[in-house]
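Engineer: here is my input; please provide its structure:
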Amino acid sequence: MKKTIICIALFSAGILLSNAQNQDGAVILPDSILYDHVVMAECKVTGNKLTKEWLIVRELDFKIGDTLSIRYKGKKGLSSTLRFAPADSSELRLRMRYSRENIINTKLFLTVNLSMEQMEGNQYRLLIDVNERHYWWLFPVVKLNAPNLNEWLRDIDLRDVSMGLYFSHNNLFGTSQQASLVGYIGKSYAVALGYRIPWIGKGRKTGLTFGAGYQNLYTVEYGSLENKRLIMYHANSLQSASIFGVVNIRPGLYNYGTIKFTGQWVSISDSLYSLDSNFLAKGKQENYSASIYADFAYDTRNSKSYPLIGSYLRIYANKVGLGMISKVVDYFFYGIDFHFYQRLGKRWYLAEMFKLENSSGEDHPYYYQVNMTQKKDFLRGYDLYTLKGDQMYFFRGNVKYELVKPNVKKVKEGQEKNKFKALQYAFYLNAFADAGYCVNEFTENNPYNNKMLLSWGLGLDFVSYYDMVLRFEYAFTSIGTNGFFIGFGMPI
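Structural biologist: Model prediction:
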């Protein structure tokens, strides 16, 4: 249902193009300031009916009481009256811009406006005005009993759909705590719950998340032939249950760390075991494991939902099987993930990313292999193939043009604060090129393993309400295929 809503919004958005304004707010500075430096002596926050003020102020790129320069960098001999221009690089404008982006990236607000008013001399008061999001969510979810949407669209069968509900509150107590519950039933069925406390302790630099889940899958990919998925369609093919706890740390404004502990049980049916007795570790029909994952990330993206400027670097390691519950599962994965975003011109942007993931040992069971054709790890144009192994290396690149700037449909007077009256949207046309290599030395009859794969094409990204991104792409590949594909989530 969520995907259907996105599609409806896409086709109706053309009606809205003539009635637009800024999407998520702006930085508004005085026309002129008679000082070389200003002191942000105070801060006033408005519009936060639920969210605690400290949670907003902590995202500022400067501290209240700091002195900020309003001079242009690289210019000398400025007059005492300094005027701002849209592209100026004064410390004041940059830090105000970064601060607004940080507050938007909390994903608690639809719009954030930053401005300032003079108190006395060069003493100024920072004004932060926010429009909070809707925090309660209850909506239907759809689980396709197929590897992905593009494969399901080639043989549509509504019987291969499991339905359920998702419930969440994303700002409990006004401190960004989140409680969520999701479940679906049908040929596959599952239930999961979680609770997130973003910041605890005096310094508010540590957070906790914990949860549990159970799933019973009707559709399971158990192997590949000529890099096409071998899939078993049968009730109770794979069952798994897990519990997890996550510790998040934020030592700096743009620095993040994660430590995650997971306990898991996974079991496959007799039928699946007869097809691949090496699907799980050590040829077992069920596995128990305890795992620990750790990463460090540096994130300066202007938007975590659909970034256009900034960078993201993540270094991670994952030890699957600690020998505490069972010594059957024993694998180690590690890698690096880097994203770079840059403005090329008024409406032109460049985005690039590469990811390298390796693992200790070789010939991992199918269930524990890295996968270069799922979730955030993919090459565009290879949706109908599977690329799994012990190592993967891939690159994705985009040159994009801002076809329709981030906009909001204008609403009637008095309804500006209504969280559902204003449909936010933007369109980006992009040309892309991807390259990837998946290592699997022990797989026969899969010609695209251990081979450099390329793809290129054109795409249209639709960015809409509450961080939803829908991609339409036509891709050509180095293996001689081409086609139209639909994707969800940001491409890079």
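
Engineer: number of nearby residues for the nearest residue to Glu441 once chain neighbours are set aside?
Structural biologist: Sequence neighbours aside, Glu362 is the residue nearest to Glu441 in space, at 6.0 Å (criterion: CB to CB, 6 or more residues apart in numbering). No exception for glycine: its C-beta is placed from N, CA and C like everyone else's. Number of residues near Glu362 (other CB atoms under 10 Å) recorded here: 12.

Engineer: low-confidence stretches in the protein?
Structural biologist: Counting by pLDDT under 70, the chain has low-confidence residues at 1-23, 71-89, 407-423, 465-466.

Engineer: helix, strand, or coil at the residue nearest in space to the middle of it?
Structural biologist: What sits nearest the mean C-alpha location of the chain, by CA atoms, centre = their mean, is Ser305, with 5.8 Å. Assigned with DSSP: H, G, I helix; E, B strand; the rest coil, Ser305 falls in the coil class.

Engineer: now it, nearest residue through space, not along the chain?
Structural biologist: Asp467 (3.8 Å).

Engineer: then Asp330?
Structural biologist: The shortest distance from Asp330 to any residue other than its chain neighbours is 4.3 Å, reached at Gly321 (CB to CB, 6+ apart).

Engineer: likewise for Tyr368?
Structural biologist: Nearest one to Tyr368, counting by CB to CB, 6+ apart, is Tyr331 at 5.5 Å.

Engineer: follow-up on the earlier one: pop out the phi and psi values for the residue nearest to the centre of the chain.
Structural biologist: For Ser305, the backbone dihedrals (degrees, to the nearest 10) come out as phi -90, psi -40.

Engineer: wait, what's in contact with it?
Structural biologist: Lys107, Val463, Asp467, Val469, Met490 (CB atoms under 8 Å, 6 or more residues apart in numbering).

Engineer: rewinding a little: where's the residue nearest to Glu441 relative to Met372, distance?
Structural biologist: 17 Å (CB to CB, to the nearest Å).

Engineer: do Ile200 as well
Structural biologist: 37 Å.

Engineer: neighbour count for those two, which is higher?
Structural biologist: Using other CB under 10 Å, the more surrounded residue of Ile200 and Met372 is Met372, with 25 against 14.

Engineer: in this structure the more buried one contacts Val439, no?
Structural biologist: No - assessed by CB atoms under 8 Å, Met372 is found out of contact with Val439, at 10.1 Å.

Engineer: got any residues that touch both of these two?
Structural biologist: Gly389, Met392.

Engineer: what residues go with each domain of this structure?
Structural biologist: 31-131, 136-488 (automatic domain parsing).

Engineer: between these, which one is closest to Asp24.
Structural biologist: Asp24 lies closest, by CB to CB, to one member of the domains of the chain: domain 31-131, at 5.1 Å.

Engineer: how far does the closest one sit from the chain's center?
Structural biologist: 27 Å (CA atoms, centre = their mean, to the nearest Å).

Engineer: check stretch 188-198 too.
Structural biologist: Counting by CA atoms, centre = their mean, stretch 188-198 comes out at 18 Å from the chain centroid.

Engineer: so what's Asn171 closest to, chain neighbours aside?
Structural biologist: Tyr135 (4.3 Å).

Engineer: kindly report the same for Ser242.
Structural biologist: Gln264 (4.4 Å).

Engineer: which of the three states applies to the one you found?
Structural biologist: Under three-state DSSP, Gln264 comes out as strand.

Engineer: check contacts around it.
Structural biologist: Ser240, Ala241, Ser242, Asn287, Tyr288, Ser289, Ala290, Ser291.

Engineer: dig out what it forms beta bridges with.
Structural biologist: Ser242, Ser289 (DSSP bridges).

Engineer: and what of Asp434?
Structural biologist: Here Asp434, judged by DSSP bridges, has bridge partners Arg396, Ser455.

Engineer: count the residues that sit near it.
Structural biologist: Neighbours around Asp434, by other CB under 10 Å: 24.

Engineer: now swap in Gly121 and tell me
Structural biologist: If you count neighbours by other CB under 10 Å, Gly121 ends up with 11.

Engineer: separation between it and Ser90?
Structural biologist: From Gly121 to Ser90 the distance is 19 Å (CB to CB).

Engineer: sorry, back to before: can you pull the contacts of the residue nearest to Asn171?
Structural biologist: Leu50, Leu108, His169, Asn170, Asn171.

Engineer: likewise for Asn105?
Structural biologist: With CB under 8 Å, 6+ apart, Asn105 has these contacts: Glu59, Arg301, Ser303, Lys304.

Engineer: also Leu272?
Structural biologist: Leu272 neighbours (CB under 8 Å, 6+ apart): Val220, Tyr222, Met232, His234, Ser237, Leu238, Phe279.
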